[in-house]
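**Student:** Sequence and computational prediction follow.
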Amino acid sequence: MIYLTHQVKKGEKLVLHYLTDMQKFVLVHPYLEKVELLGRNHYKVYEKQFLSGFVPIYFSYPATVEYSQPNKSVTITARIFSVLTIVIVFKVNESEGVTTINETIEFFPPFPVKFFLEKLFIKSHTRLFYNIGKEEGV
């Protein structure tokens, strides 16, 4: 499991909006190309990654997004290549104008590529929350 903490000088309402509205999420995520709504909270996500930094690969996968208002948490579950399930939980808390996002990322099954994925998630989600921090209003 990977544990990350991000801080954004924006209100939790804005942060939660970007984490729960997949059309907004795709605008701030560095690797997502587009998202299609398949049904309530079910999406098809189109992503672009770079192998060795130069060769782009494109792929898509199904994902669900669940929001728990009492816990101020968002859970995104993605099924990659029908063999890997990734569960990401963002817990959001605002204090004195700064929103802290505690993130956990879990892989099922825990593939040996975890180290590669860990670096990828750290890089992409650091950029994701940097981008959300630049956004204005809801």
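**Tutor:** Happy to help now that I have it. Numbering: from 1, shown residues only.
**Student:** The one helix or strand residue 132 maps to: which residues count as buried?
**Tutor:** According to DSSP states H and E, residue 132 maps onto helix 114-134. For helix 114-134, the buried set under the neighbour-count rule, 16 or more other C-beta atoms under 10 Å, comprises 117, 121, 125, 128-129, 132-133. The C-beta positions use only the backbone N, C-alpha and C, and glycine is treated the same way.
**Student:** and it, how far out from the chain's middle?
**Tutor:** 8 Å (C-alpha atoms, centre = their mean, to the nearest Å).
**Student:** Please spell out which residues along the strand with the most length in the chain are buried.
**Tutor:** Using DSSP state E to define each element, the chain has its longest strand at strand 55-68. Residues 61, 63-65 are the ones in strand 55-68 that count as buried (16+ other C-beta under 10 Å).
**Student:** got these as JSON lines, with pLDDT and distance to residue 32 columns?
**Tutor:** Converted to JSON lines, those look like this (pLDDT from 0 to 100; distance: C-beta to C-beta, whole Å):
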{"residue": "61", "pLDDT": "96", "distance to residue 32": "11"}
{"residue": "63", "pLDDT": "97", "distance to residue 32": "10"}
{"residue": "64", "pLDDT": "98", "distance to residue 32": "15"}
{"residue": "65", "pLDDT": "98", "distance to residue 32": "13"}
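**Student:** what sits up against the longest strand of the chain?
**Tutor:** Outside strand 55-68, the residues that touch it by C-beta atoms under 8 Å, 6 or more residues apart in numbering are 16, 19-20, 22, 33, 38, 41-51, 73-81.
**Student:** Walk me through which strands it pairs with, and which way each runs.
**Tutor:** Looking at strand 55-68 with DSSP bridges, its partner strands are strand 42-51 (antiparallel), strand 73-80 (antiparallel).
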